[in-house]
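*Asks:* Based on what follows, work out the 3D shape:
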Amino acid sequence: MKQLKKSAKLANVLYDIRGPIMDAAKQMEEDGQKIIKLNIGNLAVFGFDAPEEIQQDMIRNLPTSAGYSDSKGVFAARKAVMHETQKQGVAGVTLDDIYLGNGASELIAMSTNALLNDGDELLLPAPDYPLWTASTSLSGGTPVHYLCDEANGWMPNLDDIRAKITPRTKGIVVINPNNPTGALYSDDLLRSIVGIAREHGLVIFADEVYDKVLYDGVKHTAIASLSTDVLTLTFNSLSKSYRSCGYRAGWLVVSGDKRSAQDYIEGLNMLSNMRLCANVPGQWAIQTALGGYQSINDLVCEGGRLRRQRDLAYELITAIPGVSCVKPSAALYMFPKLDPEVYPIEDDRQFFLELLKETRVMLVQGTGFNWATPDHFRIVFLPHEDDLREAINRIAKFLEQYRLRRKSRQ
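*Replies:* Numbers count the residues shown, from 1 in each chain. Predicted coordinates for the structure are as follows:
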């Protein structure tokens, strides 16, 4: 029988957040085992409910949601996004510059498909949110990873960015607040990145999905607010700040100097039209979410649930011998380091697969976020404190056994 093979376009496409370790966890669940999932920022399963007013607005609008919307999205939702950009200080955004999508994920893929030809390069952070690398590869482009420096709080290394720009470089991706590290970038750093983009004629792709998930009183600056001349595509959604992952409601805002990008924008419009429209019920949640009470602030303030869980996870993780971590200022994750002298790991995917089987705790290895060396992992601090404590204690015991086994062999 002739074998039907996957497209060669998928050769370099990976998404280990939902990869082999998750497949193994599913099998374990089918066998009756209970898994603590620290692999994905899916808030609902940990008891973070979408704000009730968002739910009610969707319900009220369901009778009129059976038809297609405009391909760019419902007018009221796009207008709410436009007002949000104005509050952020982003100049010159009109309704026509806003695209609504089935989450930011769809719009990320749309934006890379519309831009990249085979061999074009896109600068991406290392570590990164792997959808960006996957979308770049699937679009025919070449992902080129610039270093974020752990010793400097996971800030992008500007010299490394400059060194990796070539005539094929089309743009630079900035994930701020950062997934997976939880880092938040300063205005000075963002201005430097804008300056590099300006100098080399690069598009900035700004993934700002966690812009309201902020701790310790820090402030987020939209990079699009720092220039009017650099073409900037900003991505956001309801998934995290409004605990509405399953609603698949995201948006893309095009700002900066659009005059020289008309052909690219025509490509975005073409792809937007081809998928007809985004999920209409989810679109109705956007206006209420952006204009209503920002309940995320109650979760991230001192004493708030997310803040408490971040502090607990950081305290427990850094208490494990040979494990260090930069404390996240934002988002839902931290990216701890396993000291390679203590944990000399060759294959981190296999290591965390073994951890899953022994502890029933699911994590994602650092190389799944395009980090080059097998010495990190991402942890999601969404479970309730008791579950979080239990999960990290299991991780600590597994690592202790690893150290003991290694010591006995020496």
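*Asks:* what bits of this protein have low per-residue confidence?
*Replies:* Counting by pLDDT under 70, the chain shows low-confidence ranges at 14-18, 410.
*Asks:* let's go with 80 and repeat that
*Replies:* 6-7, 9-19, 406-410 (pLDDT under 80).
*Asks:* how's it carved up into domains?
*Replies:* 8-48+298-408, 52-295 (the TED database).
*Asks:* Please work out which residues outside stretch 143-150 touch it.
*Replies:* 12, 121-128, 132-133, 136-137, 154-157, 160-161, 164, 169, 172, 178, 181, 183, 326, 337, 370, 372 (CB atoms under 8 Å, 6 or more residues apart in numbering). Any C-beta I mention is one placed from the backbone N, CA and C, and that applies to glycine too.
*Asks:* Redo the domains of the chain as a markdown table? Include mean neighbour count and distance to residue 1.
*Replies:* Formatted as a markdown table, those follow (neighbours: other CB atoms under 10 Å; distance: least, CB to CB, whole Å):
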| stretch | mean neighbour count | distance to residue 1 |
| --- | --- | --- |
| domain 8-48+298-408 | 17 | 21 |
| domain 52-295 | 19 | 28 |
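*Asks:* Only alpha carbons, please: show stretch 20-33 as CSV.
*Replies:* Taking C-alpha atoms only, stretch 20-33 is exported to CSV below (Å, rounded to 0.1, in the frame of the first residue of the first chain):
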residue,chain,number,x,y,z
PRO,A,20,4.8,13.8,22.7
ILE,A,21,4.8,14.5,26.4
MET,A,22,1.1,15.5,26.3
ASP,A,23,0.4,12.4,24.2
ALA,A,24,1.9,10.2,26.9
ALA,A,25,-0.1,12.1,29.6
LYS,A,26,-3.3,11.4,27.6
GLN,A,27,-2.5,7.7,27.6
MET,A,28,-1.8,7.8,31.3
GLU,A,29,-5.2,9.5,31.9
GLU,A,30,-6.9,6.8,29.8
ASP,A,31,-5.3,4.3,32.1
GLY,A,32,-6.9,6.0,35.1
GLN,A,33,-4.0,8.1,36.4
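*Asks:* Inside strands: which ones of the contacts of stretch 143-150?
*Replies:* Among the contacts of stretch 143-150, DSSP state E puts 121, 122, 123, 124, 125, 126, 155, 156, 169, 172, 337 in strands.
*Asks:* So which residues of the chain form helices?
*Replies:* 20-30, 52-61, 75-87, 103-115, 130-138, 158-163, 187-200, 262-274, 280-291, 296-300, 305-318, 348-359, 385-409 (DSSP state H).
*Asks:* could I get these as a markdown table with distance to residue 366?
*Replies:* Listed next are the helices of the chain as a markdown table, based on distance: least, CB to CB, whole Å:
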| stretch | distance to residue 366 |
| --- | --- |
| helix 20-30 | 13 |
| helix 52-61 | 34 |
| helix 75-87 | 33 |
| helix 103-115 | 21 |
| helix 130-138 | 11 |
| helix 158-163 | 18 |
| helix 187-200 | 23 |
| helix 262-274 | 32 |
| helix 280-291 | 32 |
| helix 296-300 | 25 |
| helix 305-318 | 14 |
| helix 348-359 | 6 |
| helix 385-409 | 14 |
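*Asks:* Noted, bye for now.
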